[in-house]
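Colleague: Based on what follows, work out the 3D shape:
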Amino acid sequence: RKVREARKPLTDIAIKNAKPRDKLWRLLDGDTTYRGLRLEIFPDGAKRWAFRFLFNGADCTEGLGVYPIVTLAQAREAVMRSKKLIQQGIRPTEHKKAVKHAQRVAILNNFRAVAEQWFEWRKKKKNLDERNARKIWASLEKHAFPTLGHRPVSEIRPIECLNILETMQKQNIGDQAKRILQRMKGIFDYAVTHQLIEHSPASSLKADDIIRAKLKHHPAMPLEAMRQFFDDLDNSNANIVSKLALRLQILTGVRTTELRGAMWSEIDFERNLWTIPSERHEVQKTGGGMKMRVAHIVPLSRQAMHIIEQLKPHTGKRIFLFPSPTQPRKCLSDTALSKLMKELGYDGTVEGKPHAVPHGFRTTMKMTALVSKKFMPRAVEFQLAHKNPNAVEAAYERPEDYLDERVLMVQWYADEVERVAPNLLREY
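Modeller: Presented below is the predicted three-dimensional model:
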């Protein structure tokens, strides 16, 4: 094959004017700085860049791309990069293969893919129930994946994580941003442990320095407003089960999730105790056991037992005390009671009615008991299943702790509710 040596450095004009021949021929760059650069012209008119070089005494050729997609200037830059690699004892063609392999690995190990691996590992380690697992994944789907999901985890920088948190902060969901940061840190730490990255881009981000969590207060109903509330409830079209559910929540101070998933097997009618397990597998996707994943014993007042007895003719043959009216094998939905209270006008929009939600009944019980100064503060908190901030004390606490005092407290509180609201109990 004939080779035409360029007497002068290659130019764009010379390249454009190079016509195809019957056989492959080459234009060599006459600029000694780029010695080895050549343009191969094929019979079909295609033009490709190549770099010919010696490596450990062997004659080698590296492809640099197709002209005009790769310009003369870009081809020369590629030659200079390859010459630097040769000086370092690296074969350019092998380096290119390694780079392409790393790129393929990076694409496979994008943030979402690594998050999926971390998620499966976390579910097993923490023994997460399906409800909480779905909440964790949904939060990543909503806040992290839209910007980071497709990004190779090895290329993500701290500023990208920070942008997500600042966006959430502007939306006044700083409390959720703290949880997202915690989950992103878990994903990156997982990537470090499995040698996918060397350092976590989120390790330097401190939640308290960049996130102002908006405190979430659940509107509570004053004790003196309960008489009107029970009247409104009884005069509504709500079913009997929902009317009794709200009454039982008021008298026990349990969370809505714990209430709606209550099962008949959990009630001890001889001792007037309700034991909420750490997990409720029967509840499946729509609820769970205790928030802190520790069993909780709830003493039941005389009034609470009366309400439970009233439920028997309606749901006594079901698994749940409060089954769904449309799907009896499932418990009441997580929005049923809050929606009912809103329909009754307790959403802060009706004059003369306080803004209140089911979860706020816990606050009413707590403040009423604490203000009375009749009971130990920790016993009150324990009744509400609030985690002890003292880690040492918490390690020694058991579900039956403060039980005697809590028995007295719930009965005293039920009597107080009935005193201000004589319509607490009624026959249905």
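
Colleague: low pLDDT regions in the chain?
Modeller: Of all residues in the chain, those with pLDDT under 70 make up the ranges 1-7, 105-106, 209-217, 281-293, 389-397, 399.

Colleague: Pretty sure Glu40 sits in a helix.
Modeller: No. Residue state for Glu40 (DSSP: H, G, I helix; E, B strand; the rest coil) corresponds to strand; a helix is not indicated.

Colleague: tally of neighbours for the nearest residue to it once chain neighbours are set aside?
Modeller: If the residues on either side of it in the chain are set aside, Glu40 comes closest to Arg48, at 4.9 Å by CB to CB, 6 or more residues apart in numbering. Just so you know, the C-beta spots here come from the backbone N, C-alpha and C atoms, and that holds for glycine as well. The number of residues packed near Arg48 is 18, by other CB atoms under 10 Å.

Colleague: Wasn't Glu77 part of a helix?
Modeller: Yes. Counting by three-state DSSP, Glu77 is found in a helix.

Colleague: Output stretch 414-428 in PDB with nothing but the alpha carbons.
Modeller: As requested, C-alpha coordinates have been extracted for stretch 414-428 and formatted as PDB (Å, rounded to 0.1, in the frame of the first residue of the first chain):
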ATOM      1  CA  ALA A 414     -61.100   8.200  81.900                       C
ATOM      2  CA  ASP A 415     -63.000   9.600  84.900                       C
ATOM      3  CA  GLU A 416     -61.900  13.100  84.100                       C
ATOM      4  CA  VAL A 417     -63.000  12.700  80.500                       C
ATOM      5  CA  GLU A 418     -66.400  11.400  81.600                       C
ATOM      6  CA  ARG A 419     -66.800  14.200  84.100                       C
ATOM      7  CA  VAL A 420     -66.400  16.900  81.500                       C
ATOM      8  CA  ALA A 421     -68.200  14.800  78.800                       C
ATOM      9  CA  PRO A 422     -70.900  12.600  80.300                       C
ATOM     10  CA  ASN A 423     -71.700  11.500  76.800                       C
ATOM     11  CA  LEU A 424     -68.400   9.600  76.600                       C
ATOM     12  CA  LEU A 425     -70.300   6.300  77.000                       C
ATOM     13  CA  ARG A 426     -73.600   5.500  75.400                       C
ATOM     14  CA  GLU A 427     -75.500   2.500  74.200                       C
ATOM     15  CA  TYR A 428     -75.500   1.700  70.500                       C
END
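
Colleague: how much distance is there from it to the middle of the chain?
Modeller: On the basis of CA atoms, centre = their mean, to the nearest Å, stretch 414-428 is displaced by 41 Å from the centre of the chain it belongs to.

Colleague: ok so, going back, contacting residues for the residue nearest to Glu40?
Modeller: In this structure, Arg48 makes contact with 39-40, 42, 63-67, judged by CB atoms under 8 Å, 6 or more residues apart in numbering.

Colleague: Gln310 versus that one, what's the distance?
Modeller: Going from Arg48 to Gln310 by CB to CB, to the nearest Å gives 86 Å.

Colleague: Then Arg21?
Modeller: Using CB to CB, one obtains 99 Å as the distance from Arg21 to Gln310.

Colleague: With neighbour numbers in mind, choose between these two.
Modeller: Set side by side, Arg21 and Gln310 show unequal neighbour counts under other CB under 10 Å, the larger going to Gln310 at 19 against 12.

Colleague: which residues of the protein fall in strands?
Modeller: Along the chain, the segments classed as strands by DSSP state E run 3-4, 25-28, 37-41, 47-55, 58-67, 267-268, 273-276, 296-299.

Colleague: Could you export the ones you listed as a markdown table, including distance to Arg227?
Modeller: Listed next are the strands of the chain as a markdown table, based on distance: least, CB to CB, whole Å:
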| stretch | distance to Arg227 |
| --- | --- |
| strand 3-4 | 103 |
| strand 25-28 | 97 |
| strand 37-41 | 92 |
| strand 47-55 | 88 |
| strand 58-67 | 83 |
| strand 267-268 | 28 |
| strand 273-276 | 26 |
| strand 296-299 | 25 |
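
Colleague: Show me the one of these that comes nearest Asp175.
Modeller: Closest of these to Asp175 is strand 296-299, at 23.9 Å (criterion: CB to CB).
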